[in-house]
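J.: sharing a model that was predicted from the sequence below.
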Amino acid sequence: MTTSQVMLGAVAAALALMAALPSPAPAQAHAPDRRHLASVSVEALQRTYLECDRVATHTLLDLGSAAHCSMVAEELRQRVFDGDFDRLIAWWREHKPTGPETGLQHSSVPGGVGIDTRSVR
C-alpha cells in the first residue's frame, strides 16, 4: 500500500467518524440589545459617535468600548439616517473634526485614553 493510499484511507475514516458524531448547533448571531440607547438624544449619540471615531483613530479600543461604539453607530444609523449607511458616512465626513482638536485627551483612568459614554449608557 502506498503512502497516498494510507492517507486517503485515514481521511475517509476521519470523515466517516465526523459524520457519525452529533454536530453542535450552529452559533446563532444575536443582535446586540440597544434598548438603553432609545432614550438618548440624537445630539448625545452624534457626540459619542464622533468621540468614538476620534479615539479609535488614535488607539485600539478595548472590547467593551468597541461594542458600545458599534451600538451607538447602529442606533444613530437607524434613528437618524433611516438605516442608510451611506448617509451616516456622509454626515460623519461633514462633522468629523480635522484640526488640532482631534488629539487624544486622557481619561480619568490612570494612564488611559477613554471614551466618555456617561451620557449614552
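T.: Thanks, I have it.

J.: Trp91 versus Phe85, what's the distance?
T.: Between Phe85 and Trp91 the distance is 11 Å, computed by Cβ to Cβ, to the nearest Å. Quick note: C-beta positions are derived from backbone N, CA and C, even for glycine.

J.: the more surrounded of the two?
T.: Each of Phe85 and Trp91 had its neighbours counted (other Cβ atoms under 10 Å), and the higher figure belongs to Trp91 (18 against 11).

J.: mind telling me what element the more buried one is part of?
T.: Using DSSP states H and E, the secondary-structure element containing Trp91 is helix 85-95.

J.: and Ala56, how many neighbours?
T.: Counted with other Cβ under 10 Å, the neighbours of Ala56 add up to 14.

J.: Val40 - that's part of a helix, no?
T.: No. When the secondary structure is assigned by DSSP: H, G, I helix; E, B strand; the rest coil, Val40 falls in coil instead of a helix.
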